[in-house]
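fold the following, please.
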Amino acid sequence: MKLSCLQENLNRGLIYVGRAAATRTTLPITNNVLLATDEGRLKLVATNLEMAITYWLGAKVEDEGAITVPAKLLNEFVASLPSDKINISLSPRTRTLQLKCARFEARISGVDAKDFPPIPGVEDGVVTSVEAETLRKGIEKVVFAAATDESRPVLTGINAEFDGDTLTLAAADGFRLAVYKMPLATRVEKKTIAIIPAKTLAELNRMVTEQEDPVEIRINTAKGQILFKLKDIELVSQLVQGAFPQYSQLIPQSYTTRAVADIGQFLRATKTASIFARDGSNIIRLVITPGVKEAPGKLTVAARSEEIGDDVGEVDALVQGDEAKIAFNSKYLADILTVLHESQVALEVTSPSSPGVFRPVGVDNYIHVVMPMFVQWD
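Predicted structure coming up:
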């Protein structure tokens, strides 16, 4: 193998694929990244056996070849190089990869590419596509609500329902639920449901920021695989096996109090209260007070710690219904307000022990349900 490419292009590719390389594994070669020539381009591949990322970059190829080398080592070395041309060559006899850039040179011992795990191709199944920006917004709105605890594996995934010309993403961790609907660019004839690992969608979200064309999606539920195809990148992932909870039953259908507040002001009050909530079991108390005559209603955001002190913030709110009290985990409250880019949010409450429902005002494709925390109200 003998080729040359630009440092910035190789660096970008290694950053993308490096996130799929295994860190703790019983199969050492999955710590490596595969470098292979492919029709006049350089192909980079990394996998942890659950997810694989392939990246193609422009290169001047003189001799074909392939090798695997430690992903972290190569990534760190290339990132440290100046923005210049990198000459790459492989000694087949010693399996040593040589890299030269400006006045820097390195030799890295590799492992035969034949030992690298094969990357599955997702051939059959359902094929569709989504506009890149639409998909990015959808993932951002739900991915943080998936469980990180492996005790219920199905909740570490995001339920994706492809139905007609709509894709519905839902994530839940037992304490909160996020549901987001978006249009598909390519209609599906057969309703398909797949549970995609949240880690996979988090990686995809980093990739689509630079993507302009629609993202092609191939789902093969029989083989338990999904493929996301971007301009120069392919991401293949195993699906999570199991049945996702019937989440529609968890969404309250009515409320006794509804408060509409400015998201920026609500978030600032939440972040301020979070400073005190850290030493008070992360509890933030909300009190919704209807307006009297000409005075507007208000949303009081408070937190207290027995040892440190307390904090109270007020936000103007348009209130329908009775006065209401509810307490939430400060992180959950900040998470939901951070991903909302509209100007206002509606909070719907039934009782201190019932879930609170957040809906951005002006759109009807997103809903977030949060379980309350139980506190002693004065």
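
for the stretch 101-250 of the chain, what spans make up the helices?
132-142, 198-207 (DSSP state H, counting those that start in this stretch).

I should have written the stretch 251-378 of the chain there, sorry.
With DSSP H, counting those that start in this stretch as the criterion, the stretch 251-378 of the chain has helices at 263-277, 330-339.

so where's the longest strand in this protein?
For the chain, the longest strand by residue count, based on DSSP state E, is strand 176-197.

now it: mean pLDDT?
For strand 176-197, mean pLDDT is 96.

sheet-wise, list the partners of that strand with their directions.
In its sheet, strand 176-197 lies beside strand 157-172 (antiparallel), strand 366-370 (antiparallel), with partners assigned from DSSP bridges.

who's in contact with the last one?
Meaning strand 366-370. 141, 145, 175-181, 250-252, 328-329, 332-333, 336, 355-360 (Cβ atoms under 8 Å, 6 or more residues apart in numbering). Bear in mind the C-beta positions are built from the backbone N, C-alpha and C, glycine included.

could you check the angle helix 132-142 makes with that strand?
Angle, strand 366-370 to helix 132-142, by axes from the mean of the first three to the mean of the last three Cα atoms, to 10 degrees: 10 degrees.

for strand 366-370, the distance to its chain's centre please.
Distance, stretch centre to chain centre, for strand 366-370: 17 Å (Cα atoms, centre = their mean, to the nearest Å).

then that strand to PDB, C-alphas only?
Output of strand 366-370 as PDB, limited to C-alpha atoms (Å, rounded to 0.1, in the frame of the first residue of the first chain):
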ATOM      1  CA  TYR A 366     -42.900  16.800  20.400                       C
ATOM      2  CA  ILE A 367     -43.900  15.800  23.900                       C
ATOM      3  CA  HIS A 368     -41.900  15.200  27.000                       C
ATOM      4  CA  VAL A 369     -43.300  13.500  30.100                       C
ATOM      5  CA  VAL A 370     -41.400  13.600  33.400                       C
END
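
what angle sits between it and helix 330-339?
170 degrees.

adding distance to I284, mean neighbour count and mean pLDDT, write the strands paired with strand 176-197 out as a markdown table.
Listed next are the strands paired with strand 176-197 as a markdown table, based on distance: least, Cβ to Cβ, whole Å; neighbours: other Cβ atoms under 10 Å; pLDDT from 0 to 100:
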| stretch | distance to I284 | mean neighbour count | mean pLDDT |
| --- | --- | --- | --- |
| strand 157-172 | 21 | 20 | 97 |
| strand 366-370 | 11 | 22 | 97 |
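
next, format the ones you listed as JSON lines and append distance to W377.
Output for these, formatted as JSON lines (distance: least, Cβ to Cβ, whole Å):
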{"stretch": "strand 157-172", "distance to W377": "27"}
{"stretch": "strand 366-370", "distance to W377": "18"}
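
on that earlier part again, selection in ChimeraX covering whichever of the contacts of strand 366-370 are buried, please.
Filtering the contacts of strand 366-370 down to the buried ones (16 or more other Cβ atoms under 10 Å) takes a single ChimeraX command:
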select :141,145,175,176,177,178,179,180,181,328,329,332,333,336,355,356,357,358,359,360
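
the closest residue to P296 other than its chain neighbours and P245: what is the separation?
Using Cβ to Cβ, 6 or more residues apart in numbering and skipping residues adjacent in sequence, the residue nearest P296 is D316, 4.9 Å away. To P245, D316 is 36 Å away according to Cβ to Cβ, to the nearest Å.

could you pull up the residues touching A145?
Neighbouring residues of A145 by Cβ under 8 Å, 6+ apart: 171-173, 176-178, 335, 368.

farthest-separated two in the residues you listed?
Farthest pair in the contacts of A145 (Cβ to Cβ) is A172 and D335. Separation: 13.3 Å.

OK, contacts around K60?
K60 neighbours (Cβ under 8 Å, 6+ apart): 3-5.

again with N205
The contact partners of N205, taken as Cβ under 8 Å, 6+ apart, are 136, 139-140, 143.

ok, 10 Å please
135-140, 143 (Cβ atoms under 10 Å, 6 or more residues apart in numbering).

before we move on, the earlier item: could you list which of the contacts of K60 belong to strands?
Assignment to strands by DSSP E places the following of the contacts of K60 there: 3-5.

highest neighbour count among those residues?
Counting by other Cβ atoms under 10 Å, L3 has the largest number of neighbours within these, with 21 neighbours.

next, the contact list for it, please.
Residues counted as contacts of L3 (Cβ under 10 Å, 6+ apart) are 35, 37, 40-42, 59-65, 86-90.

ok, what's across the strand from it?
Counting by DSSP bridges, L3 is bridged to V61, I88.

what comes up buried for stretch 124-136?
Neighbour-count burial for stretch 124-136, counted by 16+ other Cβ under 10 Å, picks out 125-126, 128-132, 134-136.
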